[in-house]
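Undergrad: Sequence isn't available, so here's the structure alone:
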């Protein structure tokens with residue numbers, strides 16, 4: 001991984017200081033296939049609930065899930081780091097949060113667009129890209145209303161299948177954003193809703209396969225499934 005130039009160091013410091021004035025910052029340091037990464041996050045995401053107005057919650061039921069680093073994102077990142085065809089691949093991440101999987105994919109040579117519905121997350125993505133010496137395109141995206149004209153070789157997502165109302169929008173996003181020969185990799189901690197998503201995908205012309213993974217930290221182990229989803233009969 002290349003080191004940061006002086007201008008990047010200044011940008012990194014400025015963004016970190018600005019975020020530090022607004023949030024109780026946390027950080028996860030991890031090694032993925034021999035490469036060290038540092039990811040900034042929010043120490044206590046539940047403390048952010050006070051920032052959400054009743055009107056916002058009533059409209060979107062928006063929870064600050066973006067602020068944490070979830071085990072599924074680490075498992076997804078580790079899987080991506082082992083893919084030999086990632087260099088040069090155009091990748092988009094849905095619900096990227098602080099950008100863990102996107103940063104690792106970019107470090108492996110992918111051309112990555114990291115997206116999230118919550119605009120607060122975008123600044124953390126930028127910081128994590130800078131402090132890990134990679135380039136990301138960062139943008140706001142509502143997967144319930146895809147207006148992105150570009151299509152990608154790969155779509156990635158971690159922990160996005162947590163509410164029933166998300167299942168169809170995620171599948172429609174996959175169909176809209178993937179090139180005809182593209183594939184999606186979705187990581188999920190074995191929720192029952194994920195099984196419903198896979199059924200929905202199959203019913204709408206997608207082929208699905210599953211790989212088992214796990215994340216271990218401080219003696220606690222989280223089982224995570226990786227789902228590969230690709231068109232088999234033309235998609236939606």
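TA: Thanks, I have the structure now. Quick caveat: nothing in here was measured; it's all calculated off a predicted structure.

Undergrad: Show the contacting residues for the residue most central in space within the chain.
TA: Centroid check for the chain by CA atoms, centre = their mean gives residue 96 as the closest residue, at 2.8 Å. Contacts for residue 96 (CB atoms under 8 Å, 6 or more residues apart in numbering) come out as 102, 114-116, 121, 125. Backbone N, C-alpha and C define where each C-beta goes, glycine included.

Undergrad: helix/strand/coil for it?
TA: coil (DSSP: H, G, I helix; E, B strand; the rest coil).

Undergrad: per-residue confidence for it?
TA: pLDDT for residue 96: 97.

Undergrad: now the strands: where do they sit in this structure?
TA: 25-32, 35-42, 90-94, 111-116, 137-140, 152-158, 178-188, 206-217, 220-231 (DSSP state E).

Undergrad: Now tell me what touches the lengthiest helix in the chain from outside.
TA: When the chain is parsed with DSSP state H, its longest helix is helix 6-22. With contact meaning CB under 8 Å, 6+ apart, helix 6-22 is reached by 4, 25, 40, 123-124, 126-127, 130-131, 133.

Undergrad: Just the pLDDT for residue 235.
TA: Confidence for residue 235, expressed as pLDDT, is 62.

Undergrad: returning to what we had before: would JSON lines of the strands of the chain with distance to residue 13 and mean neighbour count be doable?
TA: Shown next, in JSON lines, are the strands of the chain (distance: least, CB to CB, whole Å; neighbours: other CB atoms under 10 Å):
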{"stretch": "strand 25-32", "distance to residue 13": "13", "mean neighbour count": "14"}
{"stretch": "strand 35-42", "distance to residue 13": "12", "mean neighbour count": "19"}
{"stretch": "strand 90-94", "distance to residue 13": "26", "mean neighbour count": "25"}
{"stretch": "strand 111-116", "distance to residue 13": "21", "mean neighbour count": "26"}
{"stretch": "strand 137-140", "distance to residue 13": "19", "mean neighbour count": "15"}
{"stretch": "strand 152-158", "distance to residue 13": "28", "mean neighbour count": "24"}
{"stretch": "strand 178-188", "distance to residue 13": "32", "mean neighbour count": "20"}
{"stretch": "strand 206-217", "distance to residue 13": "28", "mean neighbour count": "14"}
{"stretch": "strand 220-231", "distance to residue 13": "33", "mean neighbour count": "17"}
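
Undergrad: Of all those, which one is nearest residue 74?
TA: strand 206-217 (5.2 Å; CB to CB).

Undergrad: and residue 188, what does it touch?
TA: Residue 188 neighbours (CB under 8 Å, 6+ apart): 72, 158-161, 194, 224-225, 227.

Undergrad: mind redoing it with 10 Å?
TA: 70, 72, 75-76, 157-162, 194-195, 197-198, 210, 224-227 (CB atoms under 10 Å, 6 or more residues apart in numbering).

Undergrad: do residue 196 as well
TA: 161, 164, 167 are the contacts of residue 196 under CB under 10 Å, 6+ apart.
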